[in-house]
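Undergrad: Pasting the sequence and the predicted model now:
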Amino acid sequence: MKPARLSKTAAAGLILLAAACGPKKEPAEGFRTATEESPAAAVSVPAPRWTKTIALNRQETGSDAERALFDEFGSSVADRLRGFRVPRWSRGMRAGAADVKADLLLDCGVRISGDTAIWNLNLVDPASRRSVWNESLRIPVEEFERAAGTAAERAAALAGDSGDVPDREAVSGFTDKSLFLVYLRARTAGASGTRQGIDSAVRDYKAVLRQDSTFSPAWRGLGRAYLDITRFGLDRNRVWPELAKDAALRALRIDSTDGRARTLLCRIEAERGDFRAAVREAKRAVADKPNDSEAWILLGQVEGQGLAVYSPAIDAFRRGLELDPGSVEAASGLAVLLTGSGRAKEATDVLKRGLVLAPESPMLRTVFSLTRLYAGELDEARAEIGKALSSAGEDPFVRVIHAMLLARSGEKDAALGEVTLRVEPYAGNMASLHVSIAAVYALLGRNGTAVESLEKALSFGYIDYPWLSFDPHFDGLRGDSRFIDCMKRLKTAWEEVSRPENQT
């Protein structure tokens with residue numbers, strides 16, 4: 001059996017991560033540090049004023065519809081408790097592993113029977129593991145907001161502050177029970193990541209909207225489905241992001257407080273290549289919905305990998321991890337930026353904590369190998385990439401890091417075979433992958449081929465000038481006129497997109 005590739009979500013993350021940066025080192029004469037190269041100090045989004053933490057266990061059992069309904073409930077609880085930090089935890093996850101101390105734990109669940117939802121709402125004291133409040137509700141499936149309102153109000157009261165819980169009508173805005181179940185079915189089908197599942201989701205979302213065109217979550221779901229067709233590489237036709245944007249905007253016109261639609265718009269703008277617009281949407285999303293972990297993680301990605309503005313991106317990734325400690329995307333993104341900022345120990349700590357929560361993640365193993373490689377710890381890098389290869393050996397991002405390691409270890413023939421046979425045929429228009437390929441060729445002393453790969457990366461929108469300036473893998477190219485020309489053009493493009501007035 002052939003080794004599997006990374007999951008589509010993980011591979012999409014590594015598109016941004018694999019060659020985002022190299023480590024900071026002592027600059028050569030005539031060069032400045034990456035921080036000094038920045039056009040101006042970027043400003044992070046102000047930290048939310050969280051004083052207490054109410055954690056929420058995810059529902060990981062039950063039917064697809066029940067898990068989708070619980071996700072709607074969880075988002076509503078987090079929105080209502082905006083004055084509290086509301087991290088989502090996997091059931092049984094140790095608070096110490098998450099590095100976040102919870103004052104209360106919401107351990108809730110739902111079961112669907114026909115068109116009725118049976119909710120078990122339970123608040124637990126994490127220190128004693130004892131229940132401090134419990135209530136059961138049998139309500140129509142579409143009235144999940146009633147359950148969310150009850151849980152949020154009780155949690156806030158027991159935590160000592162109920163003033164920040166919105167007092168609003170506890171209904172979803174959608175009253176047709178059968179169509180609400182169709183909406184939940186669409187959510188689960190779209191999450192499959194397959195073309196068949198996404199097409200099924202699109203049909204169901206459209207069926208819901210034909211009956212009620214004012215139900216904003218269905219427009220948001222339709223937009224996410226359209227985007228995922230491109231994002232997962234199922235069809236590269238650029239019409240899909242445009243259709244996704246139209247659907248997200250329609251959701252926001254119906255409900256301007258729909259934070260997930262705002263977050264979706266950020267993801268869409270990033271897919272369209274407009275990272276400045278993506279940053280603006282992400283900042284609006286986290287300002288409106290400070291407990292939205294996806295929005296914080298996206299903000300880290302579009303600032304860090306899209307605009308190469310690292311300090312605020314690091315802050316955003318950290319907040320994303322506070323809200324979703326098990327996020328492989330956030331841990332990987334943060335570790336790469338910390339490594340590139342010369343903070344190797346912090347990067348190692350982040351990755352080790354991530355591997356406690358997701359020990360089988362090939363993405364975390366690959367990034368760990370990358371950080372060890374740049375630190376010159378080749379044996380450790382080899383051990384980590386070996387683990388990634390065992391589970392995702394067909395993925396070109398795993399393979400290109402392996403090729404770098406082989407080249408650094410003097411195994412030139414093996415490195416050349418790896419990059420030409422296992423990586424280049426799958427590079428497509430992925431800019432960061434072309435930069436990684438260039439790094440391998442530079443390590444092999446094939447300067448002309450390395451520059452050709454860099455030219456491809458630039459043509460596909462690569463923007464990360466500061467760290468490419470100091471990546472030691474390219475030291476053999478520093479005096480090459482072709483490389484110097486690439487760097488001049490890259491610097492001009494980076495200064496344009498990372499200018500502070502273009503980020504607000």
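TA: Okay, I see it. Numbering: from 1, shown residues only.
Undergrad: From now on I want contacts and neighbour counts done on CA atoms only, so please keep to that.
TA: Noted.
Undergrad: As a check, name the ranges of all helices in the stretch 401-504 of the chain.
TA: Using DSSP state H, counting those that start in this stretch, the helices assigned to the stretch 401-504 of the chain run over residues 412-418, 431-443, 447-459, 465-468, 481-497.
Undergrad: got the domain boundaries for this protein?
TA: Structural domains assigned to the chain are 1-48+324-504, 54-167, 173-290, following automatic domain parsing.
Undergrad: now for the ones you listed, which one comes closest to residue 318?
TA: domain 1-48+324-504 (7.3 Å; Cα to Cα).
Undergrad: what's the distance between that closest one and the middle of its chain?
TA: Between the centre of domain 1-48+324-504 and the centre of its chain there are 17 Å (Cα atoms, centre = their mean, to the nearest Å).
Undergrad: what bits of the stretch 251-400 of the chain have low per-residue confidence?
TA: Applying pLDDT under 70 to the predicted model, the stretch 251-400 of the chain contains no residue that meets it.
Undergrad: For residue 297, which of the domains of the chain is the nearest?
TA: Nearest to residue 297 among those is domain 1-48+324-504; the distance by Cα to Cα comes to 5.8 Å.
Undergrad: Take the domains of the chain and write them to CSV, including mean neighbour count.
TA: Conversion of these to CSV gives the following (neighbours: other Cα atoms under 10 Å):
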stretch, mean neighbour count
domain 1-48+324-504, 20
domain 54-167, 19
domain 173-290, 21
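Undergrad: Can I get those domains in JSON lines including distance to residue 309?
TA: As requested, the domains of the chain are exported to JSON lines (distance: least, Cα to Cα, whole Å):
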{"stretch": "domain 1-48+324-504", "distance to residue 309": "7"}
{"stretch": "domain 54-167", "distance to residue 309": "26"}
{"stretch": "domain 173-290", "distance to residue 309": "11"}
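Undergrad: Enumerate every residue touching residue 139.
TA: Residues near residue 139 by Cα atoms under 8 Å, 6 or more residues apart in numbering: 116, 117, 118.
Undergrad: roughly how far out does the helix or strand encompassing it sit from the chain middle?
TA: Taking DSSP states H and E as the criterion, the element that holds residue 139 is strand 130-140. Averaging C-alpha positions (Cα atoms, centre = their mean) puts strand 130-140 33 Å from its chain's average.
Undergrad: Which helix or strand lies directly C-terminal to the worst-scoring helix or strand of the chain on mean pLDDT?
TA: Ranking every helix and strand in the chain by mean pLDDT, DSSP states H and E puts helix 34-37 at the bottom, with a mean of 38. Toward the C-terminal end, the helix or strand that comes next after helix 34-37 (DSSP H and E) is strand 54-57.
Undergrad: Run through the neighbouring helices and strands of the very next helix or strand once past that following strand.
TA: Where DSSP H and E defines the elements, the next helix or strand beyond strand 54-57 is helix 64-80. Counting contacts by 3 or more Cα pairs under 8 Å, 6 or more residues apart in numbering; DSSP states H and E, helix 64-80 is packed against strand 109-113, helix 144-159, helix 177-190.
Undergrad: which outside residues touch the first one?
TA: This means strand 109-113. Contacting residues not belonging to strand 109-113 are listed as 59, 62, 66, 69, 70, 117, 118, 119, 120, 121, 141 [Cα under 8 Å, 6+ apart].
Undergrad: Let me have the helices and strands packed on helix 64-80 in TSV, extended by mean pLDDT and distance to residue 499.
TA: Formatted as TSV, the entries for these read as follows, by pLDDT from 0 to 100; distance: least, Cα to Cα, whole Å:
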stretch	mean pLDDT	distance to residue 499
strand 109-113	96	47
helix 144-159	93	41
helix 177-190	91	37
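Undergrad: what would the ones you listed look like in JSON lines with distance to residue 331?
TA: Rendered in JSON lines, the data for those read as follows (distance: least, Cα to Cα, whole Å):
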{"stretch": "strand 109-113", "distance to residue 331": "28"}
{"stretch": "helix 144-159", "distance to residue 331": "28"}
{"stretch": "helix 177-190", "distance to residue 331": "25"}
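Undergrad: mind checking which of the ones you listed is nearest residue 212?
TA: Taking those one by one with Cα to Cα, helix 177-190 is closest: 9.3 Å.
Undergrad: Could you look up the next helix or strand downstream of that closest one?
TA: On the C-terminal side of helix 177-190, the nearest following helix or strand under DSSP H and E is helix 195-211.
Undergrad: and that next one, what does it pack onto?
TA: Helix 195-211 makes packing contacts with helix 177-190, helix 216-231 when contacts are defined by 3+ Cα pairs under 8 Å, 6+ apart.
Undergrad: Centre of the chain to the first one, how far?
TA: The reference is to helix 177-190. In terms of Cα atoms, centre = their mean, the centre of helix 177-190 is found 25 Å from the chain centre.
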